[in-house]
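only geometry, no sequence info:
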């Protein structure tokens, strides 16, 4: 197992580690925070007759297991879109994975793709919420527009849009990398799942943007 090179980030007197696996470890809460895993997306596409490598789903589960073994969290917070769309055979892999961490508290903030019956999660001892205030942070799936952020109960952590940042090289090369985007009142996390895209976001000068490379996270702005 490779030990990740984490980037420390202090926010509202809370100590966060930004991880190149596109997750955050919140030290005070001993919690891993992850957005947009989209387990089951491989099975969803294969069910529709689209050829996708079978091992892609297991790779995400293996990465998540490595993070748990490395950081020893007490909580695992999924910020929505944990399982992609309707039930398929990939759920069996998730059941097996869950059985390896029976003492881990798992919380799912439901996203727009989390459409399978709540009972499936409840049987795996996974708590479900539409939103959750934990310390100074309000856990959501969808980002809030500016007008709603003014009255939000806490600093928002969310996902949904799979944020990326464009980097340009001297020879006119351009690449879009996943990123963590911290605004004045809201942080948008990159999508954890490997079988997901990313969208370059527009940031304000006051935002703090961290690009995710293969083995490290670097500050861009």
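Yep, it's here. Computed from a predicted model, the values in this text were never measured in an experiment.

hey, let's count contacts and neighbours off CA atoms from now on
Will do.

centre-most residue in this protein?
Note on the chain: the residue nearest the mean C-alpha position is residue 35, at 2.1 Å, using CA atoms, centre = their mean.

any idea what that one is bridged to?
residue 191 (DSSP bridges).

what's the spacing between it and residue 211?
As judged by CA to CA, to the nearest Å, residue 35 and residue 211 stand 16 Å apart.

how about low-confidence regions in this protein?
Where the chain drops to pLDDT under 70, the residues are 1-4, 40-58, 84-86, 169-173, 195-206, 221.

ok, longest helix in the protein?
The longest helix of the chain (DSSP state H) is helix 55-71.

buried ones in that one?
Residues of helix 55-71 classed as buried: 56-57, 60-61, 63-68 (neighbour count, 16 or more other CA atoms under 10 Å).

would you check that the residue nearest to the centre of the chain makes contact with residue 78?
Yes - between residue 35 and residue 78 there is a contact under CA atoms under 8 Å: 5.6 Å.

residue ranges of the helices in this protein, please?
Using DSSP H, the helices of the chain run over residues 41-47, 55-71, 90-99, 118-123, 146-149.

between those, which gets nearest to residue 15?
With CA to CA as the criterion, residue 15 lies closest to helix 55-71 of the helices of the chain, at 13.8 Å.

return the list of helices and strands in contact with the closest one.
helix 90-99 (3 or more CA pairs under 8 Å, 6 or more residues apart in numbering; DSSP states H and E).

relative to helix 55-71, how tilted is the helix it packs on?
Relative orientation of helix 90-99 versus helix 55-71 (axes from the mean of the first three to the mean of the last three CA atoms, to 10 degrees): 10 degrees.

quick check, distance from the longest strand along the chain to the centre of its chain.
Determined from DSSP state E, the single longest strand within the chain is strand 174-182. In terms of CA atoms, centre = their mean, to the nearest Å, the centre of strand 174-182 is set 14 Å apart from its chain centre.

who touches it?
22, 162-168, 187-191, 198, 200, 203, 207-213 (CA atoms under 8 Å, 6 or more residues apart in numbering).

of those residues, buried ones?
Among the contacts of strand 174-182, those classed as buried by 16+ other CA under 10 Å are 22, 162-165, 187-191, 198, 200, 207-212.

in strands, which of these fall?
The members of the buried ones among the contacts of strand 174-182 that map onto strands under DSSP E are 163-165, 187-188, 200, 208-212.

can you redo those residues as a markdown table with distance to residue 148?
Output for those, formatted as a markdown table (distance: CA to CA, whole Å):
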| residue | distance to residue 148 |
| --- | --- |
| 163 | 20 |
| 164 | 23 |
| 165 | 25 |
| 187 | 14 |
| 188 | 15 |
| 200 | 23 |
| 208 | 20 |
| 209 | 22 |
| 210 | 24 |
| 211 | 27 |
| 212 | 28 |
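
and of the residues you listed, the nearest to residue 122?
Closest approach between these and residue 122, by CA to CA: residue 188, at 26.9 Å.

that closest one and residue 158 touch, don't they?
Yes - if you go by CA under 8 Å, residue 188 and residue 158 touch, sitting 5.1 Å apart.

and for the two, which residues touch both?
Going by CA under 8 Å, 6+ apart, residues that sit against residue 188 and also against residue 158 are residue 143.

state the distance from residue 144 to residue 75.
24 Å.

which one's more surrounded, these two?
residue 75 (19 against 16; other CA atoms under 10 Å).

who is the more buried one paired with across the strands?
Note on residue 75: beta-bridge partners by DSSP bridges are residue 31, residue 105.
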